[in-house]
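**Student:** Predicted model and sequence follow; I will ask about them next.
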Amino acid sequence: MNAFIKFNKGLMKMPLQWQIWLMFLVGANMVVPFFFLDHLEAQIALGIIMLSMMLMTAVTHFSGFTRLLGLGHIFWFPMLYFFWTRLGQIPADNFFGIWLRVLMIINAVSLIIDVVDVVRYITGDRLETIKGL
């Protein structure tokens, strides 16, 4: 439970621009899917974000609030691939199709940031990014 609290405190202490980015990620991955629960893609997005949060809590437990938290989105790689394979069957002229495409774009951008962070951690940048948690 302490890791979960530390993880969430870290999120709240991040600089404002990162908190805004996180609001977009949470909104797209965890809020909007509830409007499309009859679609497999929305169910997958919700399941993956829950797995990601559990993994990030575990990473926080073992390494603190470090750049290694980027590993938490590792499940997004297969999710994005699966969604990519489905795009031909999902028109972009309705809210569901638009959401799916926006989700894929922002998650792909997040993955780029995550890969950079994990590489930085592996190459020695292992300090906690938020102090005093």
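**Tutor:** That came through fine.
**Student:** alpha carbons only for contacts and neighbour counts from here, please
**Tutor:** Noted.
**Student:** so where is this structure shaky, pLDDT-wise?
**Tutor:** Residue ranges of the chain with pLDDT under 70: 1.
**Student:** let's go with 90 and repeat that
**Tutor:** 1-5, 8-9, 130-133 (pLDDT under 90).
**Student:** any idea which residue of it is furthest from its center?
**Tutor:** What lies farthest from the middle of the chain is Asp93; by Cα atoms, centre = their mean that is 25.6 Å.
**Student:** Tell me how far the longest helix belonging to the chain lies from the chain's centre.
**Tutor:** Using DSSP state H, we find that the single longest helix of the chain is helix 95-122. The chain centre lies 7 Å from the centre of helix 95-122; the measure is Cα atoms, centre = their mean, to the nearest Å.
**Student:** Which positions within it qualify as buried?
**Tutor:** 96, 99-101, 103-104, 106-107, 110-111, 114-115, 117-118, 121 (16 or more other Cα atoms under 10 Å).
**Student:** wait, doesn't Val118 sit right on Gly72?
**Tutor:** No. The criterion here is Cα atoms under 8 Å, and Val118 misses it with Gly72 at 10.1 Å.
**Student:** can you pull the contacts of His73?
**Tutor:** By Cα atoms under 8 Å, 6 or more residues apart in numbering, the contact set of His73 is Ser52, Leu111, Asp114.
**Student:** mind redoing it with 7 Å?
**Tutor:** Shown in contact with His73 (Cα atoms under 7 Å, 6 or more residues apart in numbering): Ser52, Leu111.
**Student:** ok, it to Lys131 distance?
**Tutor:** Applying Cα to Cα, to the nearest Å, the value for His73 to Lys131 is 22 Å.
**Student:** With adjacent residues omitted, what lies nearest to Ile113?
**Tutor:** Closest residue to Ile113 apart from its sequence neighbours, by Cα to Cα, 6 or more residues apart in numbering: Gly70 at 7.7 Å.
**Student:** what number of residues lie near the one you found?
**Tutor:** For Gly70, the count of nearby residues is 23 (other Cα atoms under 10 Å).
**Student:** Could you do Thr85 as well?
**Tutor:** Around Thr85 there are 9 residues (other Cα under 10 Å).
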